[in-house]
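J.: Predicted coordinates and the sequence they were generated for:
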Amino acid sequence: MKTFIAFIVVFTFSANVFIAAQQAETENYVRNEFVMRNGLPNFFLKALRGDSVKVAYLGGSITAQEGWRVFSFNWFKEQFPNAAFKQINAAIGGTGSDFGVFRLQENVLQYKPDLVFVEFAVNDGNTPSSKIIRSMEGIVRQINEANPYTDICFVYTIKAAYLETEEQGMLPNSAINMEKVADHYGIPSINFGFEVADQVSTMQLIMAADAKEIDGAKVFSRDGVHPYPKTGHVIYHQVWKRSFESMIAANPIAQQKQKLSKPLAADYFANTKMVDAKDVQLSEHWTLMNLKEKSVFSPFSNYLQFIGKAAQSGETLIVHFKGRAIGAYDAMGPDAGRVVVEIDGMVKDTIYRFDAYCTYRRMNYFVIDGLENKKHKVAFRTLSEPFDKAAILSKRK
């Protein structure tokens, strides 16, 4: 495991010198619970032959739960008992495809997966259409460039805000844009949301409540987002299972090399990476905390070994890179402050690492995009002066 600090820098290169004109269109896709497209021929070939098969799950907190990810992986082991399955759990709560594309190499590709599930439809709910396409396309093309025989499957989860749309048989905007990428590259997609919306509309299911069942109706989740493992995730798995059962018979038993067509977005996120602490310049008063020795940060030890702390204003983390985007992967929480970002000597932004959810600590990230494709010097400068955290927390009471 690499040594990381609180600010994990990510950047992108693009070989293209023109700006993407492709924008996600506004039309709604018709209702399809499952679209097979080119299927998963290489995955099924290895599974049916009894080979070693690595399955990666790239997504947010819904995939991080002990739910559809666990159920699907166990189904693989039961369905193909002669194959040796290994799981790559690359799900991080609160993250979308715009961070997924930057951590892809670190969290997924270095383990050489045979199948990659991509789940970001809920967390991309407020992400601009163009960024969703650039991010999802970057994920697809980087997977293919690493190994053109790796299969990919998009998975769309649901939240309460999507119910009305999906009850009408339409996809939310995030999934529409992901479907454009899936269509372009022949990637199968599974939408869990239509079944949930059907059961809610027929009063078989309650979307959100503290109880698991009310008057004979099962409850999907506590918060309208994260399914209960024994109710909502069971529905997810039922949809997933019938989709995969329909693919088994239809997939040709022959290895297929996936060929890349011209990209939808010329400025898709390419050549992304996460930068190790040894590759950045720290000012004098940074300290590194070992996560396994710090109990409040230990839940993050699966992804970070160390977190850097700077307790006074003016401490800097400086990065030199060539590319169009840069960001940070850090810890937000009750004791977090603010960061001033300077790019090429000019203040770009002041970013709060404290928000209305900071009654607890969580990993988070931000990405600064749209930079000129040239060499940059970026300084993340700590700002420790007090600000009104109580007012921020009061937004959620």
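T.: Arrived safely, thanks for sending. Numbering: from 1, shown residues only.

J.: From here on, just use CA atoms for contacts and neighbour counts.
T.: Noted.

J.: Check which element follows the helix or strand of the chain with the lowest mean pLDDT along the chain.
T.: Ranking every helix and strand in the chain by mean pLDDT, DSSP states H and E puts strand 10-13 at the bottom, with a mean of 35. Using DSSP states H and E, the helix or strand that follows strand 10-13 in sequence is strand 34-35.

J.: moving C-terminal of that following strand, what's the next helix or strand?
T.: helix 41-49.

J.: got the buried residues for stretch 370-387?
T.: 373, 376, 378, 379, 380, 381, 382, 383, 384 (16 or more other CA atoms under 10 Å).

J.: for those, which one is nearest residue 156?
T.: Nearest to residue 156 out of the buried residues of stretch 370-387 is residue 373 (CA to CA; 32.8 Å).

J.: so that closest one makes contact with residue 267?
T.: No - the pair residue 373 and residue 267 does not pass the contact test of CA atoms under 8 Å, sitting 10.6 Å apart.

J.: Please work out how many residues are found near the residue lying closest to residue 133 once chain neighbours are set aside.
T.: Nearest in space to residue 133, with sequence neighbours left out and distances taken as CA to CA, 6 or more residues apart in numbering, is residue 177 at 6.1 Å. Number of residues near residue 177 (other CA atoms under 10 Å) recorded here: 27.

J.: and if you look at residue 249?
T.: Residue 249, neighbours per other CA under 10 Å, totals 10.

J.: Helix or strand: which one has it?
T.: helix 232-250.

J.: Kindly export the helix or strand hosting residue 347 (C-alpha atoms) in CSV.
T.: Here residue 347 sits within strand 346-352, counting by DSSP H and E. What follows is strand 346-352 as a C-alpha-only set of coordinates in CSV (Å, rounded to 0.1, in the frame of the first residue of the first chain):
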residue,chain,number,x,y,z
MET,A,346,-3.3,32.9,-8.6
VAL,A,347,-6.0,32.1,-6.0
LYS,A,348,-8.5,29.8,-7.7
ASP,A,349,-10.9,29.0,-4.8
THR,A,350,-11.4,28.6,-1.1
ILE,A,351,-12.8,25.2,-0.4
TYR,A,352,-14.6,24.2,2.8
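
J.: So what are the sheet partners of the helix or strand following it and their directions?
T.: Next helix or strand after strand 346-352 toward the C-terminus (DSSP H and E): strand 362-368. For strand 362-368, the paired strands and their directions (DSSP bridges) are strand 326-332 (antiparallel).

J.: if we can go back for a sec, just give me the closest of the buried residues of stretch 370-387 to residue 330.
T.: For the buried residues of stretch 370-387, the nearest to residue 330 is residue 380 (12.0 Å; CA to CA).

J.: I'd like the next helix or strand past the helix or strand where the closest one lies.
T.: Per DSSP H and E, residue 380 falls inside strand 374-383. Using DSSP H and E, the helix or strand that follows strand 374-383 in sequence is helix 389-393.

J.: which parts of that following helix are buried?
T.: residue 393.

J.: what does that helix rub up against?
T.: Applying CA atoms under 8 Å, 6 or more residues apart in numbering, the contact partners of helix 389-393 are 354, 355, 356, 357, 358, 359.

J.: want to throw the residues you listed into a markdown table with neighbour count, distance to residue 298 and pLDDT?
T.: Converted to a markdown table, the contacts of helix 389-393 look like this (neighbours: other CA atoms under 10 Å; distance: CA to CA, whole Å; pLDDT from 0 to 100):
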| residue | neighbour count | distance to residue 298 | pLDDT |
| --- | --- | --- | --- |
| 354 | 21 | 19 | 96 |
| 355 | 17 | 21 | 95 |
| 356 | 16 | 22 | 95 |
| 357 | 15 | 19 | 91 |
| 358 | 17 | 17 | 94 |
| 359 | 13 | 17 | 93 |
